[in-house]
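>>> Give me a model of this one.
(2 chains)
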There are 2 protein chains.
Amino acid sequence: MNVKEYMAELGQQARVASRDIAKADTGIKNRALLAMADAIDASREKLVAANAEDLQQCRANGLDDAMLDRLELKQSQIDTMIEGLRQVAALPDPIGAITDMNYLPSGIQVGKMRVPLGVVGIIYESRPNVTVEAASLCLKSGNATILRGGSEAIHSNAAVAECIQTGLRVAGLPEHTVQVVKTTDREAVGELITMPEYVDVIVPRGGKSLIERVSRDAKVAVIKHLDGICHVYIDEDADKTKAVNVAINAKTHRYGTCNTMETLLVHESRAAEILPELAECYQAIGVELRGCDKTREVLPNIIAATEEDWQTEYLAPILSIRVVHDMAEAIEHINQYGSHHTDAIITENYTRSRSFLREVDSSSVMVNASTRFADGFEYGLGAEIGISTDKIHARGPVGLEGLTSQKYVVLGDGHIRQ
Amino acid sequence: MNVKEYMAELGQQARVASRDIAKADTGIKNRALLAMADAIDASREKLVAANAEDLQQCRANGLDDAMLDRLELKQSQIDTMIEGLRQVAALPDPIGAITDMNYLPSGIQVGKMRVPLGVVGIIYESRPNVTVEAASLCLKSGNATILRGGSEAIHSNAAVAECIQTGLRVAGLPEHTVQVVKTTDREAVGELITMPEYVDVIVPRGGKSLIERVSRDAKVAVIKHLDGICHVYIDEDADKTKAVNVAINAKTHRYGTCNTMETLLVHESRAAEILPELAECYQAIGVELRGCDKTREVLPNIIAATEEDWQTEYLAPILSIRVVHDMAEAIEHINQYGSHHTDAIITENYTRSRSFLREVDSSSVMVNASTRFADGFEYGLGAEIGISTDKIHARGPVGLEGLTSQKYVVLGDGHIRQ
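Have a look, this model is predicted:
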């Protein structure tokens, strides 16, 4: 197979299909989504069988248990896929919405209409449920999609793709609205990210090395998520109960997520009062603590944090702690070492809460809330294609709107420019 | 001079300054803008003298008259620069605006706050007035700026930069908020567009070759404008007077602008009635017409349009005309040959006006209005840094908002995720 030609063909087909799906009625898109859900429900056995093939091959190739776990398509995950499709069908359709329609001095009326981006390329690793999540969000937002899953999940993805095709067919939408790349050749990724004539945006979902490679080599826009080095700052005027609750939740609710706190900052006037109680909680749960010199004056038994700790996304039960002189020092630390993802202040002070919100340069900035809330569902977006740590186009959790653009709509009555 | 080190130094300084300008009060930013206007007003002689040096050098280098004309800083242009600064000062400040603040089921309150992009790099050709326009829009939107003007205007730009520095000083803003690249080495552009650690977005303003080079080589986002191949489609149900007025205005109001019509599409049922009158007007003004076969049945004296004509941005008194069977054919032509810039339909038909607005994939889509309206001022943006033909981040005329992003703001009362 000539991968270059194959990918160009997928691209051309997606471009053509994108014109039809861009103007498809909301009802038709919803019908496709619900039919996909039904098709998946009716194909449980086929999906599990295809997944078993992938699992067998991966076991034979000696993949580790964590990888196999992510690859396995359990019945509960099939339920989630079905539920997800129904939820996306129930979301309001962003496409065609016209806003800010105003009359201007010349007499013309000008507003903005929300439109699809066109063709979205999704590159993801082994989890086969991403196939359905990504396809459904792109479809609802009127985009054509090219999906490139991990080679480990090739049979699972193909089986899911068949259900997607059934849904498109039932609704009378073009089959090329959603295409799954059928080759495992790594060159396919290189092609997908360098066809600006056919692909408008790439969403890579996976480990850091994948995202770095895609960002470096892509010739089209990339909606990407890099590190999540999140902070909680316990201010001088923090309520102690809130501080402890949020600090425990932000670290221990889940360790492997990007919105988990990795560094705790504490105002020097509160360190002696709050840190011992917190340390007891953390240690009871099994979180390893690493502290700056001032932290270790209060918690002498923990190890010293190094410069590297402040820059590390542990994704593990490890927490670095730094005692700061004031909020300015906390903000400086966050803007210097953080990844501009999600950072929170715990305070009852009105003025400092306003300054923190304004001055911390992160995609989510919080007052008296756990960083774990940084999530498309929790923010009411209904669904999430990813979290963007960029400032261009989309920032923070990206829902349907992040897969759209806006065009200007101008209405006149024969108006000409003077 | 080591250009790489020099540009990195500018970049670092811009990054540091961007933190201060991001949190600067609206009043302080406005004071800087007004002080810049005063400084320019007080420096008219200096500006003209510096510009004379550039003009002399360019004449010695044999530059053509069109180039010299664009380079010359006339008193009226100095007036425009001053007026522009005052207008930008009068615009509402987008930064810090919080929208869509809602309570969610978990009890947290989530909204979006508008924030600066950070550091904006502007690359432009000889027109020295761009220095002030770009700097003022970036400043008002809370960004630090690195300006790289054409080498032909190096003295003019330096003189303008001094006035900008005066304004920053008066307002107490850091001098590195606006920096003008002082070397004419072309390598400086290569550096500026490949420093994602220091520069967040590049806005190239100039000819097609500049924009293509920047787009190809940039390692950061580019807000860019490529071709403007704009269409007017005269529908079956067009009002004849509106059709003639708009078609004449869209082509002849100005020839060299990107929102000028380059191809006229006419429904076959109206060609015999409307084209002869239009042709008479165009020929009286000196516009050369090129037509498809059906057009030439009505206008036998004009030359034949080739495939290349449909793809050409003439920027000149030339117009290609095509007679189409129906609106679907017109839309197909526009989406295939157009540049997704600005396209208009002339019709009294309700249903077709709705379809045209929805289905034409351009940054501005119009009904019964001249394409010449596609402009930041006409759209009420107050000012314009450029017109984007991309769909990512900004589309169509880009004002202050296109130089900003939004971050999520989350307010809680000690909320933790369950």
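
>>> Run a quick neighbour tally on residue A:166.
18 (other C-beta atoms under 10 Å in any protein chain shown). All C-beta atoms are positioned from the backbone trio N, CA, C, and that covers glycine.

>>> no no, residue A:151
Neighbourhood size, residue A:151 [other C-beta under 10 Å]: 17.

>>> and stretch A:112-121, how far from the chain's centre?
Offset of stretch A:112-121 from its chain centre (C-alpha atoms, centre = their mean, to the nearest Å): 18 Å.

>>> would you put the C-alpha positions of it in PDB?
Extracted as PDB, the C-alpha positions of stretch A:112-121 are listed here (Å, rounded to 0.1, in the frame of the first residue of the first chain):
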ATOM      1  CA  LYS A 112     -21.500  36.000  13.400                       C
ATOM      2  CA  MET A 113     -22.600  32.500  12.500                       C
ATOM      3  CA  ARG A 114     -21.100  29.400  14.100                       C
ATOM      4  CA  VAL A 115     -19.700  27.000  11.400                       C
ATOM      5  CA  PRO A 116     -17.700  23.700  11.500                       C
ATOM      6  CA  LEU A 117     -13.900  23.800  11.100                       C
ATOM      7  CA  GLY A 118     -14.200  21.300   8.200                       C
ATOM      8  CA  VAL A 119     -12.000  18.200   8.600                       C
ATOM      9  CA  VAL A 120     -10.700  17.100  12.000                       C
ATOM     10  CA  GLY A 121      -7.900  14.600  12.300                       C
END
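
>>> That one and chain B, are they touching?
Yes: using C-beta under 8 Å from any C-beta of the partner chain, stretch A:112-121 reaches chain B at A:113, A:115, A:117, A:118.

>>> what's in contact with the helix or strand where residue A:21 lies?
Using DSSP states H and E, residue A:21 maps to helix A:3-22. For helix A:3-22, contacts defined as C-beta atoms under 8 Å, 6 or more residues apart in numbering or on different chains pick out A:29, A:95, A:115-116, A:118-119, A:139, A:142-146, A:173-177, A:179, A:181, A:183, A:185, A:187-188, A:191-192, A:195, A:197-199, B:335, B:359, B:361.

>>> Just the buried subset of the residues you listed, written out for ChimeraX, thanks.
For the buried members of these, the matching ChimeraX selection, counting by 16 or more other C-beta atoms under 10 Å in any protein chain shown, is:
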select /A:29,95,115,116,118,119,139,142,143,144,145,146,173,174,176,177,179,181,188,191,192,195,198,199 /B:359,361
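
>>> Centre of the chain to the helix or strand bottoming out on mean pLDDT in chain A, how far?
Counting by mean pLDDT, DSSP states H and E, chain A has its least confident helix or strand at helix A:65-71, which shows a mean of 84. Relative to its chain's centre, helix A:65-71 lies at 20 Å (C-alpha atoms, centre = their mean).

>>> Mind listing what's buried along that helix?
Result for helix A:65-71 [16+ other C-beta under 10 Å]: buried residues A:67, A:70, A:71.

>>> hmm, back to that, can you tell me which of the contacts of helix A:3-22 end up in helices?
Assigned to helices by DSSP state H, the following of these qualify: A:29, A:139, A:187, A:188, A:191, A:192, B:335, B:359.

>>> For the fifth one, which non-adjacent residue is spatially closest?
Excluding its sequence neighbours, the residue lying closest to residue A:191 (C-beta to C-beta, 6 or more residues apart in numbering or on different chains) is residue A:7, at 3.7 Å.

>>> near chain B, which residues of the stretch 151-300 of chain A?
Looking at chain B, the residues of the stretch 151-300 of chain A close enough under C-beta under 8 Å from any C-beta are A:200, A:201, A:221, A:239, A:241, A:242, A:245, A:246, A:248, A:249, A:250, A:253.

>>> Is it possible to mark the buried ones in the residues you listed?
Here, 16+ other C-beta under 10 Å leaves A:200, A:201, A:221, A:239, A:242, A:245, A:246, A:248, A:249, A:250, A:253 buried among these.

>>> Report the two of these separated the most.
A:200 and A:239 (46.8 Å; C-beta to C-beta).

>>> Which member of the ones in helices among the contacts of helix A:3-22 is positioned nearest residue B:134?
Nearest to residue B:134 among the ones in helices among the contacts of helix A:3-22, with distances taken as C-beta to C-beta, is residue B:335, at 32.2 Å.

>>> so residue A:413 touches residue B:242, yeah?
Yes: taking contacts as C-beta atoms under 8 Å, residue A:413 lies within contact range of residue B:242: 7.4 Å.

>>> which residues do the two both contact?
residue B:368.

>>> Residue A:412 looks like it's in a strand, true?
Yes: with DSSP: H, G, I helix; E, B strand; the rest coil as the criterion, residue A:412 is part of a strand.

>>> That one against residue A:109, yeah?
Yes: contact criterion C-beta under 8 Å: residue A:412 and residue A:109 qualify, at 7.4 Å.

>>> The two: which has the busier surroundings?
residue A:412 (21 against 17).

>>> Measure how buried the residue lying closest to that one once chain neighbours are set aside is and give me the count.
Nearest non-adjacent residue to residue A:412, counting by C-beta to C-beta, 6+ apart: residue B:369, 3.0 Å away. Residues lying near residue B:369 (other C-beta under 10 Å) number 32.

>>> Contacts only, for residue B:369.
A:108, A:410, A:411, A:412, A:414, A:415, A:416, B:246, B:344.

>>> make it 6 Å
A:108, A:410, A:412, A:415 (C-beta atoms under 6 Å, 6 or more residues apart in numbering or on different chains).

>>> Quick check: residue A:234 touching residue A:265?
No: between residue A:234 and residue A:265 there is no contact under C-beta atoms under 6 Å: 7.0 Å.
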